[in-house]
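Trainee: would you be able to build a 3D model of this:
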Amino acid sequence: MRRFKPSRLLSRHGALPLGTCLSILLGFSSAFAAEPPRAARYAIEQPSQGMAQGLQAIGRQTNTSVLFEPETVAGRVTRRVSGRLSPIEAIKAALQGSGMTAELMPNGAVVVKPAPPAAVLPAGSAPSSTPPDTQGGQPGNAGQRTAAGAAVDVTGALPAGEVRGLQELTRVEVTGSRLKRIDAEGPAPVNVYTREDLHRSGQPNLQRFLASLTEVSASTGEGGFGTTLGQGTVQLRGLPLGSTLVLVNGRKVQGVGSFTGSVFNLNLIPMAAIERVEVVPLGSSAVYGGDALAGVVNVILKQSVSGPSLSMRFGSGSGYSDGSVSVATGGRSADGEFLIMGSYSRSSPLSMKERDFFKDADYRRFGGADERLNYCAPGTVSSVAGNLPGLNSNVAGIPQSVSGQHLKVSDFQATAGTQNLCNIWTTGGGVALFHGYETLALHALGEHKLFGSWSAFTELTYTRDRMSARDLGLRLGNVSVPAANPFNPFGVDVTVTASLGAENGTEGLSRQTNFTRALVGVRGDLGGGWDAELTASTTSDRGGSQSWNEAFNATALTAALASTNPATSLNPFTSGRVASDEVLRGIWSDNRRRSVGRKDQVSGQVRGSLLRLPAGSVESVVGAEASRDAYDVSSTSETHGSRRSAAAYGELRAPLFRGGGEGAAGWNLAALTLAARRDHYSDFGSANTYQGGLELRPTRSLLIRASAANSFKPPTILQTHVNDVVYQASIFRLVDPARGGQAITSGTVVRTANPDLAPERGQARGIGAVWEPEGGHGTRLSITHWQMRIRDMIAVLATQSALDHENLFPGLVARSPSVNGQPGVVTSVKSTEVNFGRLDTSGTDLDIAYVAKTSIGKMTASIGATRTGEYDVVLAPGAAIVNRFDRRFRDFWAPCWKGRLSFGLDRGAWNVGLTSRYLGGYKDIGTSERGLGNFWIHDLGGSVDLKKLWPDLLSGFRTASVGASVANLTDREPQFAQGAPFYDVTQGDWRGRYASVRLTLDW
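Mentor: Alright, predicted model coming up:
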């Protein structure tokens, strides 16, 4: 017998009176009973709108019958809903503060009716911004890798629109695919981290939060020993720098020019503007294009607020502090919506001088070596030959003295035979463990209705970022001090090794970046279930950096040491001021670098149902985009480069079989997803990428999935645009294997670009399962086995390797004509980037989450872990495979285990959670057998909704909340590791115990 569906009545005859609907519904429920209500959850992204429209939209997205009287909802509006929710949760979230309530009927339909008087909110109070069952990210579960739990935002209003019948399901877009679909889970994993997850983690910036995730097995590090010198980046799976694509609101941004034009600086995104972060830890070039070898990090910015909002944050640890303030406002009308947010943040730097670990470089206490050097303030004097005059030794530590003091030989008696030894990394200001920042940012967006379903929209982000930190002291390395130097007490030429006191200046780095991202577009329905979008965007950064005292003039130093005039001489025998500013600036000067990066792009796509199969609609998207990238840098030399690119892509999802009956009870037993893309670049050619996935759902609560994709990473503009520099080959001490190892004493070495450079290529595969039991309210089990292969890795080929493997790299070696069959003499060797090398890695991700409603509140527990089982690399021709699995390297590698264990309690008005992060054991660098890792770091966080606890408190505000967190609760510091800087930069964080507090107020 054909089941009765109330939605068909609504669709054909309009909305019926509520009493009639209830009578029909209840009267026929026993004879025509639909499937019992399920706990299925759907990815829903819906703006505030007329209540009739909003309820119908939720009904379409969840295939749920929603019954209401048009008269009761006329003039009312729904709230914005964003998250992965059950139908009743989504409807209740949409009705927040409207005076309406929803009731779930036994057959799965939802009845919307006026709330009883007791449910009406008193004047001055505020509705909850997050219903108990729809909170984004459970307390104590920061970083739970699930698409469930995106925050529900209660905001603004639109007048009611035309009432229409329930129609076909609409679609919701998720990262990892340009398709919109009902189920948030697809063939490839997408890990979602909400704003609440970022807050509860206690991490001070986006880079540190991402580095704490289990799918990010290594980091570029921070501070003076970080690979990117203070620019925030991410390395999914610990893969090489630049192999993870960063998106902002699903769209590419260019690599920031202030570094190398190859990575985007995550620190340019204001933390206050981030709504959530979505991570696809598998290659995705067929969907998003190049740079997605390791996967994608999509930063979703805040989309709406209702009225003024203020957020303040302050954090502090031993030796440093940071803080931020943001102000936002927004609103909606029948014709559109807008949001404007301004934020300011500041953080102080931390140097090695401020951690006891580095103050004494004698690391024998950790089982290491004595790494102290005589670059100290004051330093050490030694004789040119024999003993120092008046001393029974050829060496003596320079005693402490004040500026301008003339030491005597007798002052050195106590230090004769000894050297002043210290840690070179703590001289001057000390090398930065992390830099200081000052950031001013603006984030704005708006949308305006044009006609029908069509609207125009725009996004704007502007960030002005300043970074700075002092570094090492200025150094004198075994310099000759003539007898005529007025401060030389020995009367003969001597040598001095020292680091000058900080009052003479230090090395250091300061950098300023002005980042702008602007986008305009139009979107709307084409009819027949199809929609379209067209956008134009520009992303640019203009900045400069200043390396303090980096340039060194040896001639000026020699002259200052030889000067007999105290006013123009340099005094190396003091810990104080050694010379005048004029003398010092003549010896040490700054290097300046100016850079500009820009990406202009236009793109368009259409999306909709291609055809109808027995199991459901085949959803598809086709699109195209064109862009121009430019990069200019001026320093000691200039580099100017640009490229144009264009791409066409398509993607579809075809349901193969359907089970479980009709309506809300049904689901796709199997579905196939395919994607293809062709990119063309003006400077190196084309790349084709493909991606496929299979979903099997034997039951509604169980998903078995598999995916395969190939990907690519184009050469950077700096790699394809290299200024030619010619060197004499003799200075490289090269030998010619083709001529019996003969030394090369003539010819040239040319640093140049390789016109045949090709992109790096990758392959990714994944297979796994996700189980979410019905009625589990967030309980979840997920396991994924992944595998990645990278080929044709780009690197500058060593000049000798070009000679040793001349047959592998034709064209790099030029010779004179052969004589008697013997290869000619080498006339030129090119030093350039080539495609060579491979990387193979694989592992398994595991995530378990359990949620229980108890008498004391909602309790959550979760476990997340990544086990890497393989990481093999070949980087040079003829080289053996290097196993970088579970062995520390300075750039890219992976530990065996990285995990997270979380517990939380949510009482509605307050929540608290504890997260413990685990780093598995691994070996130190090189052939060392020193064990590292194998430790836990614990983070505590929570928040209080002041309006829920005390409704009459702060009566002028809609919402008020306070949050607090303590990262690294036990104050664990990084472990000693071999080689400078004597800790693992890819894993270490020197903040120690770090506490922060946050206040949020909404009017």
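Trainee: only C-alpha atoms from now on, for both contacts and neighbour counts.
Mentor: Will do.
Trainee: so the residue lying farthest from the centre of the chain: helix, strand or coil?
Mentor: The outermost residue of the chain, judged against the average C-alpha position, is Gly390 (61.7 Å), by CA atoms, centre = their mean. Gly390 falls in the coil class when you classify it by DSSP: H, G, I helix; E, B strand; the rest coil.
Trainee: so it touches Val409, yeah?
Mentor: Yes - contact criterion CA atoms under 8 Å: Gly390 and Val409 qualify, at 6.5 Å.
Trainee: list the buried residues in the strand ranked longest in the chain.
Mentor: Determined from DSSP state E, the single longest strand within the chain is strand 588-613. For strand 588-613, the neighbour count (16 or more other CA atoms under 10 Å) marks 588-590, 592-610 as buried.
Trainee: now list whatever residues contact both of Gly390 and Val409.
Mentor: Taking CA atoms under 8 Å, 6 or more residues apart in numbering as the contact rule, Gly390 and Val409 both touch Phe490.
Trainee: now do the SS call for the residue sitting nearest the centre point of the chain.
Mentor: Taking CA atoms, centre = their mean, the centroid of the chain lies closest to Val234, which sits 4.6 Å from it. Put simply, Val234 is coil when judged by three-state DSSP.
Trainee: could you check the pLDDT of it?
Mentor: As predicted, Val234 sits at a pLDDT of 92.
Trainee: report the contact partners of it.
Mentor: Shown in contact with Val234 (CA under 8 Å, 6+ apart): Gln207, Leu210, Ala211, Val216, Ser219, Thr220, Leu241, Thr244.
Trainee: reformat the residues you listed into a markdown table and put distance to Ser348 and pLDDT next to each item.
Mentor: Output for the contacts of Val234, formatted as a markdown table (distance: CA to CA, whole Å; pLDDT from 0 to 100):
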| residue | distance to Ser348 | pLDDT |
| --- | --- | --- |
| Gln207 | 16 | 92 |
| Leu210 | 21 | 94 |
| Ala211 | 20 | 94 |
| Val216 | 26 | 95 |
| Ser219 | 21 | 91 |
| Thr220 | 20 | 90 |
| Leu241 | 26 | 89 |
| Thr244 | 28 | 92 |
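Trainee: so which of those residues wins on neighbours?
Mentor: Ser219 (33 neighbours; other CA atoms under 10 Å).
Trainee: tell me the spacing between that one and Ala273.
Mentor: 24 Å (CA to CA, to the nearest Å).
Trainee: repeat for Ser510
Mentor: For Ser510, the distance to Ala273 - CA to CA - is 25 Å.
Trainee: give me the beta-bridge partners of Ser326?
Mentor: On the basis of DSSP bridges, Ser326 is bridged to Ser311, Ser343.
Trainee: where do the helices of the stretch 501-650 of the chain begin and end?
Mentor: Under the criterion DSSP state H, counting those that start in this stretch, helices of the stretch 501-650 of the chain are mapped to 554-562, 581-587.
Trainee: and the shortest one, average pLDDT?
Mentor: Helix 581-587 comes out with an average pLDDT of 96.
Trainee: who are the packing partners of it?
Mentor: With contacts taken as 3 or more CA pairs under 8 Å, 6 or more residues apart in numbering; DSSP states H and E, helix 581-587 sits against helix 554-562.
Trainee: confirm that Arg237 lies within a strand, as I assumed.
Mentor: No - when classified by three-state DSSP, Arg237 is found to be helix rather than part of a strand.
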